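A.B. asks: All I have is the shape, not the residue letters:
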């Protein structure tokens, strides 16, 4: 039986923070990353939880992420804001840009935020939730490294290319989904490799293009999109929206930039937010009630509302803390000096 370590949320944050600070990240960047990975672990997203501290430190040691760059804002157009992360993780850039971005959304009814020249490892729901908390509807996407073959192909070209969407709900958690356009997140396959467990069928192929359930073989071969050609088309859309459209890298370019260091993806992220107040005016309450009727109809059939399980896990973790593999705890603790 796998040995585990239980941590309070404060202990999880402090463990991540100490590991990051010990290896040279500035206080601001270390706090942003530690808050993010703790939130992932808290919400039951182990693939984007404390495990990611290892990759953050290895990316820094490989010279592929800045430890202390300060983001800079560019007011590109009335409804477009850019923030340059200057080769640092996206999280501090987003945190820095958020107030000005929300102001643009309130002013125009809809606005876009482009995060450029950033290293990206984090779950997109963490970028969506601060917007739904303010009553906004939001959509985000980002490329990654070329790990995924297009439908009908046999070589990696796309990233896992996640898409996240959020809809605010009165007096209850927001409707939020965050999904890779690949059959699974890269982190999920990494966790299977670490645990020595087989992958579900349909997640990937080996270097010869044959279906495989061996995590290491898929990591060396290629991941598959979800839904065949449908997921493939969405993955291509993400490449274009959060690559050339915002003047940043595609997944293929990101992997070439990595130079086989195994670091986190480098490139951009696009976030679009909409204000129901500006779209609907005095009719907002009536139309948001229609949205609630849709959610009620989903639940009535026994369907799970996206995000529900994550918020339920959050409530549990806030009371009972989180449990991680002992081996992972020791790896992170070894980074602390």
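C.D. replies: Now that the structure is in, tell me what you want to look at. Model, not experiment: these values are computed from the prediction.
A.B. asks: Once you drop chain neighbours, what's closest to the spatially most central residue of the chain?
C.D. replies: Nearest residue to the geometric centre of the chain (C-alpha atoms, centre = their mean): residue 123, 1.9 Å. Among residues not flanking residue 123 along the chain, residue 48 sits closest, at 4.1 Å (C-beta to C-beta, 6 or more residues apart in numbering). From N, CA and C alone the C-beta is placed, and that goes for glycine too.
A.B. asks: Beyond the helix or strand residue 16 falls within, next helix or strand please.
C.D. replies: According to DSSP states H and E, residue 16 maps onto helix 9-22. With elements assigned by DSSP H and E, the helix or strand that comes after helix 9-22 is helix 27-42.
A.B. asks: quick one: that following helix to helix 9-22, angle?
C.D. replies: For helix 27-42 against helix 9-22, the angle by axes from the mean of the first three to the mean of the last three C-alpha atoms, to 10 degrees is 140 degrees.
A.B. asks: ok, and for helix 27-42, which residues are buried?
C.D. replies: Neighbour-count burial for helix 27-42, counted by 16 or more other C-beta atoms under 10 Å, picks out 28-42.
A.B. asks: Likewise for stretch 257-273?
C.D. replies: Result for stretch 257-273 [16+ other C-beta under 10 Å]: buried residues 258, 263-273.
A.B. asks: hmm, back to that, just checking the distance from the helix holding residue 16 to the centre of its chain.
C.D. replies: Centroid displacement of helix 9-22 relative to its chain, using C-alpha atoms, centre = their mean, to the nearest Å, is 20 Å.
A.B. asks: What is that helix packed up against?
C.D. replies: Where contact means 3 or more C-beta pairs under 8 Å, 6 or more residues apart in numbering; DSSP states H and E, helix 9-22 is packed against helix 27-42, helix 52-61, strand 322-325, helix 326-334.
A.B. asks: could I get those as a markdown table with mean pLDDT and distance to residue 203?
C.D. replies: Listed next are the helices and strands packed on helix 9-22 as a markdown table, based on pLDDT from 0 to 100; distance: least, C-beta to C-beta, whole Å:
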| stretch | mean pLDDT | distance to residue 203 |
| --- | --- | --- |
| helix 27-42 | 98 | 21 |
| helix 52-61 | 96 | 20 |
| strand 322-325 | 97 | 21 |
| helix 326-334 | 97 | 22 |
